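K.L.:
Sequence and computational prediction follow.
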Amino acid sequence: MTDLALFLPTVFLGFFAMLNPVGNTPVFISMVGDADRRTIKKVAFKAVMTAFLIIAVFSLFGHFIFRMFGITLPAFQIAGGIIVFFIGYNLLQGKSSKAQHSNLQVQIKSYEDMAISPLGIPLLAGPGTISTAMNFVGEANNFFYTILIVLIFALVCVITYYMFILSQKIADKLSPSLIKVVSRIMGLILAVIAVQMFINGVFNVIKEYPK
């Protein structure tokens, strides 16, 4: 993937589909809807910052982490493709993914805890998001492109932050049916990205282990 004009929108759409700020806005409202505006801003910022730090660490140092545990990139691409596919499939079916949204119903002790988990992890930076980031980094295989990946994710985090703090206004203007349509479109994009991740993983296995 060397064409920058193709690379940038692909990464942006992939991350936007994974974070799904439109679809996750009702979740955010249900969790902080009764809080004051200052608290909502604080929770939203902490949630997206948590997600950004996790994805930045995996994007920049994921390969070292893999070596430490003896994990190969093709194995991660194949496993990640499967995870992302089921997340996309569940979105297409109008369901929330267990892999991405697990533990959302746990008892929340404070807004501070909620910002980190479940909002930051796994709602925003779940295994699907990590898999997507690592796939982009593996395909780019270039430090400059890796920095671009981190910057694009930061941009998506900024968009998500503003959608969260404007969540009540957005919810008033968007009908539930429109939110469902957007979520299904995001699901389709994720499913396509997942299939490509899986194909790339299988291709890399064949390339690394020839007969």
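P.N.:
That came in fine, so what should we check first?

K.L.:
contacts and neighbour counts: CA atoms only from here.
P.N.:
Fine.

K.L.:
Just the C-alpha atoms of stretch 60-72, please, in PDB.
P.N.:
C-alpha atoms of stretch 60-72 as PDB (Å, rounded to 0.1, in the frame of the first residue of the first chain):
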ATOM      1  CA  LEU A  60       4.600   2.300  17.300                       C
ATOM      2  CA  PHE A  61       5.700  -0.600  19.500                       C
ATOM      3  CA  GLY A  62       3.300  -3.400  18.500                       C
ATOM      4  CA  HIS A  63       6.000  -5.300  16.600                       C
ATOM      5  CA  PHE A  64       8.300  -5.400  19.700                       C
ATOM      6  CA  ILE A  65       5.300  -6.600  21.700                       C
ATOM      7  CA  PHE A  66       4.800  -9.300  19.200                       C
ATOM      8  CA  ARG A  67       8.400 -10.400  19.300                       C
ATOM      9  CA  MET A  68       8.300 -10.600  23.100                       C
ATOM     10  CA  PHE A  69       5.400 -13.000  22.900                       C
ATOM     11  CA  GLY A  70       6.400 -14.800  19.800                       C
ATOM     12  CA  ILE A  71       3.500 -13.600  17.700                       C
ATOM     13  CA  THR A  72       3.800 -13.200  13.900                       C
END
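
K.L.:
start at 542 instead
P.N.:
New numbering, starting at 542: the last item is stretch 601-613.

K.L.:
Contacts for that stretch, please.
P.N.:
The contact list for stretch 601-613, computed with C-alpha atoms under 8 Å, 6 or more residues apart in numbering, reads 614, 675, 687.

K.L.:
Any stretches of the chain with poor pLDDT?
P.N.:
Scanning the chain for pLDDT under 70 picks out 542-543, 571, 574-575, 636-650, 712, 715, 750-752.

K.L.:
re earlier: restricted to strands, list the contacts of stretch 601-613.
P.N.:
Judged by DSSP state E, those include no members of strands.

K.L.:
who wins for most neighbours among these?
P.N.:
Among those, the one with the most neighbours (other C-alpha atoms under 10 Å) is Met675, at 25 neighbours.

K.L.:
Report the contact partners of Tyr630.
P.N.:
By C-alpha under 8 Å, 6+ apart, Tyr630 lies in contact with 728-729, 732.

K.L.:
Please identify which of the contacts of stretch 601-613 is nearest to Gly622.
P.N.:
Gly622 lies nearest to Met675 out of the contacts of stretch 601-613, by C-alpha to C-alpha, at 10.9 Å.

K.L.:
which ones are touching the residue nearest to that closest one when sequence neighbours are not counted?
P.N.:
In space, and not counting its chain neighbours, Met675 is closest to Ser600: 6.0 Å by C-alpha to C-alpha, 6 or more residues apart in numbering. Applying C-alpha under 8 Å, 6+ apart, we find Ser600 in contact with 674-675, 678, 687, 690-691.

K.L.:
and the one helix or strand Ser600 maps to, which residues are buried?
P.N.:
Using DSSP states H and E, Ser600 sits within helix 578-610. Buried residues in helix 578-610, counting neighbours by 16 or more other C-alpha atoms under 10 Å, are found at 581-582, 584-593, 595-597, 599-601, 603-604.

K.L.:
This completes my enquiry, with thanks.
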